[in-house]
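Novice: have a look; sequence and predicted model below, questions after that.
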Amino acid sequence: MFLRNCWYVAASDHEVGRNPFRRVILGEPIVLFRTEDGAPVAFEDRCAHRHLPLSMGKLIGDTLQCHYHGLRYDKTGACVRIPGQDMIPPSARVRTYPAVQRYHWVWIWMGDPALADPDKITDYHWLDDPNWGAKPQYLHVRANWQLIVDNLLDLTHLAFVHETTIGNSALVEHASVKVQRSQDNVVVTRWIIDQPAPPTFVKVGGFTGNVDRWQIIDFVPPAFLRLDVGATPTGTGAPEGRRVAGISMRNLNAITPETESTSHYFWGQAHDFDIHNRETTDKITEQIRTAFLEDVAVFEAQQVNLDLIPNPPQTDINADTGVIQARRILDRLYQDEQAAEAAPRVAAE
Amino acid sequence: MPTWHRLASASDVREGEAFPVELNGTPIALYRVNGEVHAIDDVCTHEFAILSQGFVEDGTIECPLHAAQFDIPTGRCLSGPAMQDVRAYPVRLEGDDIFVCAPDV
């Protein structure tokens, strides 16, 4: 199940340049490159002639030349040259996708181009905001994208999967949790008051005593999860909105389906302390990366089982509240997209 | 003999929110609907989710997991997947204190 009429992160900005770059997104082969003035361009990665990936070709000025028979396409996807003939058949063009660079990522619109509005790109300014330190990351995951969304909406798993980094049992046993929902948004707020800090927080925050810790998860469909996380020494007033003498971070996640069973996982950990110290950014990123690799092992093992037993019955527990509300939004949006796609055909019949 | 138990202050229970408490060891939740305080069982009759972690809307509580809805004043099940009502308890206000009546065991 894929939603098409939305922006997805297609690539990190440094992946897209003057060498054509291939990435499969929602099951479609995409080639990304930049024109000479630096603007990102996205095509279907398939020559209109004999289907070779255009990413095997090369850029000549602002045209992309196929590696097989040398057909050249301009940035609108129109074929502008066929070696050995003057006439260019009208069908000689490749599909283009709206593409925009923002927050160190190149974003792509996979649906109806007429609906693509860059103002609707989800805010990830922390990744390029001078008031925050961050280093955007990428992981390839052999699992369905919704398993990753589920994971980020239920952080009780930190106590079990990540006990050497960002988790401890206080998260599950001593937390107050609230789930708020609206039309296209779920927010899960978790407070852990007067409990020991987890290992990563001790390392990067230098806490010596108990802390008040928060995790505020903001979900926006299809797969944008922005987590406001941090801790302050207990009793200093963080629950009332005074965040002093502690650390505040944004765990920023954007998941792009590659296929039904594989995903592109773009993420970054922004921090509001020691922001210009590359070592701090590296240390934090490494801690979170260690934790995320533990998650990836979980997703991939889940996917192996789901491939063997598709759509098995499952038990829901109270911690799934946010997960279930998010899945309900995704299901509704999917039904709406399917209905909208079917509607013009019905009207025409 | 039914017995009355003081379980909350009036200010604890606000419109649009659940206030989970225990009545003789049984999880129940208090709600305020159009000014009136009500008490119903806090465990969904379907898969035992904690209802007070769900969503209060228009005098109903929606289960956080499978969206069964219960009428807060009566405990009546309004929509599935739950099939059974939840129990509603008599509530009495004395000054700032909320009392709930525990039934005979």
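Specialist: Structure received.

Novice: for the residue in chain A positioned nearest to chain B, helix, strand, or coil?
Specialist: Going by C-beta to the nearest C-beta, chain B is nearest to residue A:321 of chain A, at 3.9 Å. Just so you know, the C-beta spots here come from the backbone N, C-alpha and C atoms, and that holds for glycine as well. When classified by DSSP: H, G, I helix; E, B strand; the rest coil, residue A:321 comes out as helix.

Novice: counting neighbours, what do you get for it?
Specialist: For residue A:321, the count of nearby residues is 26 (other C-beta atoms under 10 Å in any protein chain shown).

Novice: again with residue A:155
Specialist: 24.

Novice: which residues does it contact?
Specialist: A:171, A:188, A:190, A:215, A:217 (C-beta atoms under 8 Å, 6 or more residues apart in numbering or on different chains).

Novice: now do the helix or strand residue A:147 falls within, average pLDDT.
Specialist: Secondary structure from DSSP states H and E places residue A:147 in helix A:145-153. With pLDDT averaged residue by residue, helix A:145-153 scores 97.

Novice: so which elements touch that helix?
Specialist: Counting contacts by 3 or more C-beta pairs under 8 Å, 6 or more residues apart in numbering or on different chains; DSSP states H and E, helix A:145-153 packs against strand A:211-220, strand A:224-233, strand A:247-259, strand A:262-271, helix A:278-308, helix A:321-348.

Novice: next, count neighbours for residue 31.
Specialist: The chain I'm using is chain A. Neighbours of residue A:31 under the rule other C-beta under 10 Å: 23.

Novice: the chain in question should be chain B.
Specialist: 25.

Novice: my guess is it contacts residue B:42. True?
Specialist: No - counting by C-beta atoms under 8 Å, residue B:31 sits too far from residue B:42 to count as a contact (10.4 Å).

Novice: what is in contact with the two at once?
Specialist: Common neighbours of residue B:31 and residue B:42 (C-beta under 8 Å, 6+ apart) are residue B:18.

Novice: can you name the residues bridging to residue B:89?
Specialist: On the basis of DSSP bridges, residue B:89 is bridged to residue B:39.

Novice: residues contacting the residue nearest to residue A:47 when sequence neighbours are not counted?
Specialist: Among residues not flanking residue A:47 along the chain, residue A:66 sits closest, at 4.5 Å (C-beta to C-beta, 6 or more residues apart in numbering or on different chains). Taking C-beta under 8 Å, 6+ apart, we find residue A:66 in contact with A:47, A:49, A:52, A:54, A:56-57, A:72-73.

Novice: and residue A:66, backbone torsions?
Specialist: phi -70, psi 140 (degrees, to the nearest 10).

Novice: ok, now how distant is it from residue A:138?
Specialist: Residue A:66 is 27 Å from residue A:138, where distance means C-beta to C-beta, to the nearest Å.

Novice: repeat that for residue A:61.
Specialist: Taking C-beta to C-beta, one finds residue A:61 at 29 Å from residue A:138.

Novice: for those two, indicate the residue with more neighbours.
Specialist: residue A:138 (14 against 10).

Novice: residue B:19 pairs with what?
Specialist: Those that pair with residue B:19 in a beta bridge, by DSSP bridges, are residue B:30.

Novice: how many neighbours does the closest residue to chain A within chain B have?
Specialist: Residue of chain B nearest chain A, by C-beta to the nearest C-beta: residue B:64 (3.9 Å). Residue B:64 is flanked by 24 other residues according to other C-beta under 10 Å.

Novice: can I assume it is in contact with residue A:323?
Specialist: No - here residue B:64 does not reach residue A:323: they are 10.3 Å apart, not a contact under C-beta under 8 Å.

Novice: pLDDT score for the residue nearest the centre of chain B?
Specialist: Residue closest to the mean C-alpha point of chain B, counted by C-alpha atoms, centre = their mean, is residue B:40 at 2.8 Å. If you check residue B:40, the pLDDT there is 97.

Novice: separation between it and residue A:130?
Specialist: 52 Å.

Novice: can you check residue B:54 too?
Specialist: 42 Å.

Novice: cool, and residue A:198?
Specialist: 29 Å.

Novice: look at these two and report which has more neighbours.
Specialist: The residue with more neighbours, out of residue A:198 and residue A:130, is residue A:198; 27 against 7, by other C-beta under 10 Å.

Novice: count of neighbours near the nearest residue to that one once chain neighbours are set aside?
Specialist: Nearest non-adjacent residue to residue A:198, counting by C-beta to C-beta, 6+ apart: residue A:168, 4.6 Å away. When neighbours are defined as other C-beta under 10 Å, residue A:168 has 21 of them.

Novice: hang on, isn't residue A:168 packed against residue A:159?
Specialist: Yes - contact criterion C-beta under 8 Å: residue A:168 and residue A:159 qualify, at 6.3 Å.

Novice: what's the pLDDT at the closest residue to residue B:49 other than its chain neighbours?
Specialist: Spatial nearest neighbour of residue B:49, chain neighbours left out: residue B:65 (4.4 Å); criterion: C-beta to C-beta, 6+ apart. Residue B:65 is assigned 95 on the pLDDT scale.

Novice: ditto for residue A:348
Specialist: On the pLDDT scale, residue A:348 gets 54.

Novice: so what are the domain limits for chain A?
Specialist: Following automatic domain parsing, one finds the domains of chain A at A:7-120, A:126-333.

Novice: rank the ones you listed by pLDDT, which is bottom?
Specialist: Set side by side, the domains of chain A give their lowest mean pLDDT on domain A:126-333, at a mean of 94.

Novice: next one: phi and psi at the nearest residue to residue A:21 once chain neighbours are set aside?
Specialist: What sits nearest to residue A:21 in space, not counting adjacent residues and going by C-beta to C-beta, 6+ apart, is residue A:32, at 4.7 Å. Residue A:32 adopts backbone torsions of phi -120, psi 140, taken as degrees, to the nearest 10.

Novice: surely residue A:32 meets residue A:97?
Specialist: No - between residue A:32 and residue A:97 there is no contact, the gap being 9.2 Å when judged by C-beta under 8 Å.

Novice: any residues in contact with both of these two?
Specialist: By C-beta under 8 Å, 6+ apart, the residues touching both residue A:32 and residue A:97 are A:42, A:108.
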